[in-house]
Every structure is written in C-alpha cells, then in structure tokens.
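>>> Could you look at this predicted model? Sequence included:
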Amino acid sequence: MRRPAHLSALGMVCALGRSKAQVADALFRGDTSGLVVESGWLQGREARVGRVPGELAPLHPSFAKDDSRNTRLLLAALDEIRDEVEDAIVRHGRDRVGVVLGTSTSGIEATERAVAHRVEHGAFPESFDYQQQEIGRLGPFLAGYLGLRGPALTISTACTSSGKALDTARRLLELDLCDAVITGGSDSLCRFTISGFTSLESATPSLCNPMSRNRRGINVGEGAALFLLRQEPSELALLGVGASSDAHHVSSPDPSGEGAEATMREALADAGLAPEQVGYLNLHATATPKNDEMESRATAAIFPEGIPCSGTKPLTGHALGAGAAVELAFCWLTLQPRWNPDSLLPPHCWDGEADPALPALCLVNEGERLGVSRICMSNAFAFGGNNLSLLLGPTP
C-alpha cells in the first residue's frame, strides 16, 4: 500500500453548475436540465450536449495566445480554489508547486471557429494562434498563469486523461518533487468530438440512458475540475489507483470486462482494501452498448454481493478528458458533510428498463444514502482499452 495523497481543495464547473454548491445541489437531485438540445454542431440536425451555463471571462491580453473556451473553463474552476492555491505557493514556494492536467481536445474549438472565419473571410482572425489548440499546452499554461516553476505537464489519454493526471500528480508527491500539485482536467464542447462520436454511431440526440436495454449512446459534455493534491493530511485522500491497457480495439472495449476488472482490483490492492470496504461506485457508464456491457460484467465480478452505484453522465454529458476528474469530484462532494449533509448518493438517472443480458447492478435511486463505508471508487475507460479506477476516502 502506497502513501495516500490528500485532496485538500476542489474547484469545478460542469453542466450542473459553476460552483461546488450549485453542482452538489443539482447532483443529488439528479438534475438533467443541463443537457440541452442545440443546433450547429452537426450538419442538418441537432445534438444534445452538456454545456457549462453562463458566460466565461476572456483571458487577460497577455495570455491571448492561450485564450480558448477550454482555458476559460479551467480558470473558472481555478477561481474556486484560488485562495488555497495562493496559500500553497506562499507556504511551499513556486518551485515546489506542480501542475498536472488532462484534456482530450485542448482548444480545438478555437481552431474550428478560426477555420470557419477563414472560409468566410479569406483569412484567420487576428485573435487566433495555433498555440490555442496544442494538446500539451494546458498544464504549462496554468503554471505560467500562476507563475509556478515546478513540474508542469499535460496528459492526453482520451477519457482517462484527468484521472491519469491525478495519478501522475501523486507520483510527483511520492518522489518529493513537489509539496503540492494542482491537478485535474478541462475539456470543452467542439464539433470535432461531437461529429466523431456521431460517425462512430456512439452518440444519441435523446438523453443518454446508461445501463438500460434501450441505451443508444453518449451525450458529449464539457467541464473542468481542479484538485489541490498535497502531502499534508486533510479530510480526504486519494487512497488507491488502478490502471491498465488491454489494447483490445482502437475504439471498442473488451466485452469480457477483464481489463476493467483488473484495473479495479489493482486500485483496491494499491489502497490495501477489500471490495466490501467500498461504499459507492461511480460508473463510467457511457450508455453505449459495449461499454455498459463490459463494465457491468466487471462490476459484478468485483462486487458479487452488490454495491450502490450510478452513472452520472445524464447529468453532465461525457466530459471526455475531464470526465475522470469531474466524476471523482462527485465522489469528493458525496463524502463532504458541508456539501452533502444528508449523505445522499448521486442517483442513477435512466428509464428503469434493465438489460436482461447484463448482470443486475445495485443502481442508486434518488434519495438513497451512503452506508457505513465512506470510501468511493470511480471508473474511467477510454479508447484503446485504456482503463482507470480511483479510490477516494477519509484519510487513514
């Protein structure tokens, strides 16, 4: 069992809201109203997307080369933990605070707008810079924005990106390269991903319907979640991480669920925990036929006696590279009495029609509460059989 890293602060934005209070209120009510139908994403038809509400402030002109919706989402999440970050910088110094972030699209939406402008006007807009879309820019951008001199990097492994960022941040603490790391991820809506999942026949214009016999695919969402990971103890810790790559197929998961099962077992072993010690599982649950099939099999194998679990993507859409951090943030909120005084669990929002071909899971109904165990697991599975499981709980 490795030494846990402590998650001392959280800032986040997603389709549920733009503060922890807003997100927690909507999360435990199972509010799906943030999934909105919009035109303009697909040619000749509408798409249902999980959009962060409200306007996002532009970056200061000195950071114009990095200004995109993705970096604006990132700074909106940072605003919630600015005081804690500044305190860490003062206490540890700019050389001892790192940044590790995950993203799958970076600022590609800025390029999409720029190309459309070029088609119409014959030239790119003056505000466009190629740097806005560079996949590796997110981490170095935030480090530069905060004036940090510690390690700064970006991880892009599709839908596990921000979870892998958390694992990498923990390693920086273990290696004593940092005293604190700002970690998580950000991804914004863009035509590239919405069109891509639609062409794979993995997206649906209706509300996604995880674990149902009627599931038809994902709704793409956006969001950002930032944790301050520290060596110093706080209430909650990243207890264990499991990661694997079964390389079954470039875009389809191994239907047996063996890779996902191995990943969950590795996370439990890393934390020194038995399955029965886990009180809640946040499923990856994309509502695609193949993902839900393999994840339900893996879950039933790990938790044969059952575990309260839910898929939260009908509340936010699939935030892609940011999704792992956003959904770990839901676990963080679940375990925090300040944001969840009634110990409610995030409900599983679906049509209630179970797929008889899948193992039955203990899907959470609205109003159900966390039991004696206050340890949560969160899964993320990505293209190429890239699997990740995170365990969060009270500091040992």
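In hand now; what should we look at? Numbering: from 1, shown residues only.

>>> Tell me which stretches of the stretch 251-396 of the chain form helices.
Assigned by DSSP state H, counting those that start in this stretch, the stretch 251-396 of the chain shows helices spanning 258-271, 289-302, 313-316, 323-334.

>>> residue boundaries of the strands in the stretch 201-350 of the chain?
Applying DSSP state E, counting those that start in this stretch to the stretch 201-350 of the chain gives strands spanning 223-230, 236-245, 280-283, 308-311.

>>> Now the first one: average pLDDT?
The reference is to strand 223-230. Strand 223-230 comes out with an average pLDDT of 98.

>>> and what of the third one?
Per-region confidence: strand 280-283 scores 98 on mean pLDDT.

>>> Please renumber the chain so that the first residue is 60 from this point on.
Fine by me, first position is 60 from now on; the one you just mentioned is strand 339-342.

>>> Poorly predicted segments of this protein, please.
When residues are selected by pLDDT under 70, those of the chain lie in 60, 309-310.

>>> Now do the contacts for the residue most central in space within it.
To find the centre residue of the chain, average its C-alpha atoms and take the closest one (Cα atoms, centre = their mean): that gives Gly382, at 2.1 Å. Contact analysis of Gly382 by Cβ atoms under 8 Å, 6 or more residues apart in numbering lists Cys218, Ser221, Asp246, Gly280, Gly282, Lys372, Ala439. To be clear about C-beta, it is placed using only N, CA and C from the backbone, and glycine gets the same treatment.

>>> would CSV of the strands of the stretch 260-409 of the chain with mean neighbour count and distance to Ile214 be doable?
Shown next, in CSV, are those (neighbours: other Cβ atoms under 10 Å; distance: least, Cβ to Cβ, whole Å):
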stretch, mean neighbour count, distance to Ile214
strand 282-289, 29, 14
strand 295-304, 22, 11
strand 339-342, 26, 20
strand 367-370, 26, 23
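
>>> TSV for the ones you listed, including distance to Gly109?
Converted to TSV, the strands of the stretch 260-409 of the chain look like this (distance: least, Cβ to Cβ, whole Å):
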stretch	distance to Gly109
strand 282-289	7
strand 295-304	25
strand 339-342	16
strand 367-370	13
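
>>> of all the ones you listed, which lies closest to Arg150?
Proximity to Arg150 (Cβ to Cβ) singles out strand 282-289 among these, at 9.7 Å.

>>> what are the C-alpha coordinates of that closest one, in CSV please?
These are the backbone C-alpha positions of strand 282-289, laid out as CSV (Å, rounded to 0.1, in the frame of the first residue of the first chain):
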residue,chain,number,x,y,z
GLY,A,282,-16.3,20.8,-17.8
ALA,A,283,-13.3,21.3,-15.6
ALA,A,284,-12.3,20.0,-12.2
LEU,A,285,-9.2,21.0,-10.3
PHE,A,286,-7.9,19.4,-7.0
LEU,A,287,-5.1,20.7,-4.8
LEU,A,288,-3.2,17.5,-4.0
ARG,A,289,-0.9,17.8,-1.1
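
>>> Give the other helices and strands that it contacts.
Strand 282-289 makes packing contacts with strand 64-73, helix 128-138, helix 141-151, helix 220-233, strand 239-246, helix 382-393 when contacts are defined by 3 or more Cβ pairs under 8 Å, 6 or more residues apart in numbering; DSSP states H and E.

>>> neighbour-wise, which of the contacts of Gly382 leads?
Neighbour counts for the contacts of Gly382 were taken using other Cβ atoms under 10 Å; the highest belongs to Ser221, which has 38 neighbours.

>>> wait, that one sits on Gly161?
Yes. Judged on Cβ atoms under 8 Å, Ser221 makes contact with Gly161 at a distance of 3.5 Å.

>>> Overlap in contacts, those two.
Taking Cβ under 8 Å, 6+ apart as the contact rule, the neighbours common to Ser221 and Gly161 are Ile214, Gly243, Gly244, Gly380, Ala381, Ala383, Ala384.

>>> Kindly compare burial across the helices of the stretch 310-455 of the chain and name the winner.
helix 382-393 (a mean of 29; mean count of other Cβ atoms under 10 Å).

>>> Save the shared contacts of Ser221 and Gly161 as CSV, and put in distance to Leu69 too.
Written out in CSV, the entries for the shared contacts of Ser221 and Gly161 read as follows (distance: Cβ to Cβ, whole Å):
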residue, distance to Leu69
Ile214, 19
Gly243, 8
Gly244, 13
Gly380, 18
Ala381, 13
Ala383, 14
Ala384, 9
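
>>> Which of those sits closest to Val174?
When the shared contacts of Ser221 and Gly161 are compared for distance to Val174 (Cβ to Cβ), Gly380 comes out closest, at 21.6 Å.

>>> Quick check: Arg107 is in a helix.
No. When classified by DSSP: H, G, I helix; E, B strand; the rest coil, Arg107 is found to be strand rather than part of a helix.

>>> What backbone torsions are found at the most far-flung residue of the chain relative to its centre?
Outermost residue of the chain with respect to the C-alpha centroid, by Cα atoms, centre = their mean, is Gly181; its distance is 37.6 Å. Here the main-chain torsion angles of Gly181 (degrees, to the nearest 10) amount to phi 90, psi 0.

>>> ok, it - contacts?
For Gly181, no residue counts as a contact, taking Cβ under 8 Å, 6+ apart as the criterion.

>>> With Gly244 instead?
Contact criterion Cβ under 8 Å, 6+ apart gives 160-162, 197, 220-221, 224, 283-284, 380-381, 383-385 as the residues in contact with Gly244.
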